[in-house]
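Chemist: With the sequence up front, the predicted model follows.
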Amino acid sequence: MTAPLLDRLAALSAPAGAPATSPEILADRPDGTVVRSGRTVAKAHAPDGDPQDLTARLRIAAHPRLHGILLPPLPVTGPDGFLTLTEDGRALTRWPYGSPVPPDDPDAAPWEDAARLLARLHSVDPRQLPGPVPPMRGPAKAARAL
């Protein structure tokens with residue numbers, strides 16, 4: 001990760017009105033970088049990601065019908081501005097910090113809570129959400145890997 005990107009993510013993850021603090025890098029991979037500052041994280045999405053597709057997915061994640069099911073994105077530029085772009089066009093977003101499951105202890109995951117969330121997610125009629133939903137990168141990445 002470059003110093004300018006880290007600075008930008010640190011500023012984005014800092015609480016509103018507060019100066020940027022020492023950021024904690026949670027992930028730094030070619031397909032995304034995540035930086036935490038307090039109870040907020042900022043993510044630099046994959047450099048080759050489509051900002052329009054991401055914007056559509058962010059609108060869905062922020063939809064009131066999904067509150068309490070998905071963590072909604074936090075605004076970065078205004079009430080409905082859930083992403084901003086770097087000078088080279090890389091999308092940046094802000095999110096509430098959630099409690100991660102330790103990667104070395106998958107049994108610590110709250111599986112029953114996850115099952116309830118999944119059931120609630122599937123109870124939402126997708127026709128009531130803003131759409132259409134663009135395809136995710138995961139299936140294409142899996143196909144390339146095979």
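Modeler: It's in.

Chemist: where does residue 1 land on pLDDT?
Modeler: If you check residue 1, the pLDDT there is 65.

Chemist: Test my guess that residue 27 contacts residue 34.
Modeler: Yes - contact criterion Cβ atoms under 8 Å: residue 27 and residue 34 qualify, at 4.4 Å. Yep, even glycine has a C-beta here, placed from its N, CA and C like the rest.

Chemist: so where do the helices sit in the protein?
Modeler: Assigned by DSSP state H, the helices in the chain fall at 3-13, 51-61, 111-122, 137-145.

Chemist: Lowest-scoring secondary structure element of the protein by mean pLDDT?
Modeler: helix 137-145 (a mean of 71; mean pLDDT, DSSP states H and E).

Chemist: of residue 27 and residue 34, who's got more company?
Modeler: More neighbours surround residue 34 than the other of residue 27 and residue 34, with 21 against 13 (other Cβ atoms under 10 Å).

Chemist: Look up the residues forming beta bridges with the more buried one.
Modeler: As for beta bridges, residue 34 partners with residue 27, residue 43 under DSSP bridges.

Chemist: For residue 81, give its distance to residue 26.
Modeler: Relative to residue 26, residue 81 is positioned 23 Å away (Cβ to Cβ, to the nearest Å).

Chemist: Next: residue 13.
Modeler: 10 Å.

Chemist: what's the overlap in contacts for those two?
Modeler: Residues touching both residue 13 and residue 26 (Cβ atoms under 8 Å, 6 or more residues apart in numbering): 35-36, 41.

Chemist: so which of those is the most crowded?
Modeler: Neighbour max across the shared contacts of residue 13 and residue 26 (other Cβ under 10 Å) = residue 35, 28 neighbours.

Chemist: how much space between that residue and residue 13?
Modeler: Plainly put, residue 35 is 5 Å away from residue 13 if you go by Cβ to Cβ.
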